[in-house]
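Participant: okay, here's the prediction I keep looking at, along with the sequence it came from:
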Amino acid sequence: MTWTTRYGAAPSAIDGMTADDLRNEFLIPELWARGKARFAYTHVDRMVIGGVVPETGGIAIGDGAEVGTPHFFDTREGGIANLGKGRGTAVVDGETFSVGPRDILYVGRGARDVHLTSDDTANPAMFYLNSVPAGVEHPHRLITRAESKPITMGEAAKSNMRTLRMYIHPEVAPSCLLLMGITDPAPGSIWNTMPPHLHERRMEAYFYFDMDGEDRVFHFMGRPDNTRHLVVASGEAVLSPAWSIHMGAGTGPYAFVWGMTGENQVYKDVDPIPVRALK
Ligand SMILES: O=C(O)C(=O)C[C@H](O)C(=O)CO
């Protein structure tokens, strides 16, 4: 298991940043590698972002050394999405969950041992994790794609038609403060989260996947009057501090996982930003 750290930055810090500076602070590249677990500890609301691709024998994520507790989930909750084409299995303290493609497993605070395997190592499960500090325990629970709550937004004429699926959300599966879901732009639509918004009370992490190798998403961040962009490939995550807008346009088909934590779980607690206000 490898770990990196991101410290986040104040809004004014991005003024003098080069493209590489921005990438070092806000992009978490190459999260997936066969047989490996790659984690990033962020100081942005202490979210941990991880990619796990189990091969023979699987991968355990129970150890808490990097988060300062005996077990990883002693004071945290998490969502583990399977974004691969193959099914995976998660065993959480002896309870077995079969995690299909586009299912998300909610792991409640207090779990001790989480063991992830791919059912077929030739076609492995591709797990993506968001974990945040939690003050209460909720039961572990598998949320299948069929159980997620879809919302369709945008319009084809504006190239921003898309379906958001809520998984870890008060209306679907309760958690302490984690929210998690998956958004798919409709065929031919390129924009996500357009028009954009801010939610000063929650941070967010995006994880782009299901993209062709040559395609990229131009992901925008920054204060509305001072935007920047990061060019993002499949299998890469972007950290969006609470002060930052977050929206992206792809050069081809893509999907992304959004994960949030902060003061509340009110999805509509956002401040919309008109496109004309962006600079
Ligand atoms: O395309 C979208 O719109 C989204 O997926 C929105 C994100 O979930 C988000 O930004 C939530 O605040």
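Facilitator: Looks like it arrived, so ask away. Please read these numbers as outputs of a predicted model, since none were measured by experiment.

Participant: for the stretch 151-279 of the chain, which residues are neighbours of the ligand?
Facilitator: Contacts of the stretch 151-279 of the chain with the ligand, taken as C-beta under 6 Å from any ligand atom, map to 153, 162, 164, 183, 192-193, 199, 204, 246, 258, 270. (Each C-beta comes from the backbone N, C-alpha and C, glycine too.)

Participant: which one of these has the most neighbours?
Facilitator: residue 192 (27 neighbours; other C-beta atoms under 10 Å).

Participant: distance check, that residue against residue 90.
Facilitator: 28 Å (C-beta to C-beta, to the nearest Å).

Participant: same deal with residue 7?
Facilitator: In terms of C-beta to C-beta, residue 7 sits 30 Å off from residue 90.

Participant: so between these two, which is more surrounded?
Facilitator: Applying other C-beta under 10 Å to residue 7 and residue 90 shows that residue 90 carries more neighbours, namely 26 against 11.

Participant: farthest pair within the residues of the stretch 151-279 of the chain next to the ligand?
Facilitator: 162 and 199 (18.0 Å; C-beta to C-beta).

Participant: quick one: residue 196 and residue 273 touch, right?
Facilitator: Yes - with contacts defined as C-beta atoms under 8 Å, residue 196 counts as touching residue 273 at a distance of 5.0 Å.

Participant: for residue 169, see how far away residue 264 is.
Facilitator: Taken as C-beta to C-beta, the span from residue 264 to residue 169 is 12 Å.

Participant: out of these two, which sits in the busier spot?
Facilitator: residue 169 (20 against 14).

Participant: for the ligand, see how far away that one is.
Facilitator: Noted for residue 169: a distance of 10 Å to the ligand, by C-beta to the nearest ligand atom, to the nearest Å.

Participant: contacts only, for the closest residue to that residue other than its chain neighbours.
Facilitator: Distance criterion C-beta to C-beta, 6 or more residues apart in numbering; nearest residue to residue 169, sequence neighbours excluded, is residue 179 at 5.7 Å. Contact analysis of residue 179 by C-beta atoms under 8 Å, 6 or more residues apart in numbering lists 166, 168-169, 202, 258-261, 265, 267.

Participant: which phi and psi does residue 156 have?
Facilitator: phi -60, psi -40 (degrees, to the nearest 10).

Participant: just give me the neighbour total for it.
Facilitator: The tally of other residues near residue 156 (other C-beta under 10 Å) stands at 11.

Participant: isn't it up against residue 191?
Facilitator: No - using C-beta under 8 Å, residue 156 makes no contact with residue 191, being 11.1 Å away.

Participant: residue ranges with poor pLDDT in the stretch 1-150 of the chain?
Facilitator: For the stretch 1-150 of the chain, no stretch has pLDDT under 70.

Participant: spell out which residues of it are next to the ligand.
Facilitator: By C-beta under 6 Å from any ligand atom, no part of the stretch 1-150 of the chain sits against the ligand.

Participant: can you name the residue of the stretch 1-150 of the chain nearest to the ligand?
Facilitator: residue 150 (11.7 Å; C-beta to the nearest ligand atom).

Participant: separation between that residue and residue 9?
Facilitator: For residue 150, the distance to residue 9 (C-beta to C-beta) stands at 34 Å.

Participant: again with residue 47
Facilitator: Taking C-beta to C-beta, one finds residue 47 at 15 Å from residue 9.

Participant: same question for residue 62.
Facilitator: Residue 62 is 32 Å from residue 9, by C-beta to C-beta.

Participant: rewinding a little: residue 150 and residue 9: who's more crowded?
Facilitator: residue 9 (19 against 12).

Participant: ok, now how distant is that one from residue 242?
Facilitator: On the measure of C-beta to C-beta, residue 9 and residue 242 end up 12 Å apart.

Participant: identify the bridge partners of the residue of the stretch 1-150 of the chain closest to the ligand.
Facilitator: Beta bridges link residue 150 to residue 165, judged by DSSP bridges.

Participant: much appreciated, bye for now.
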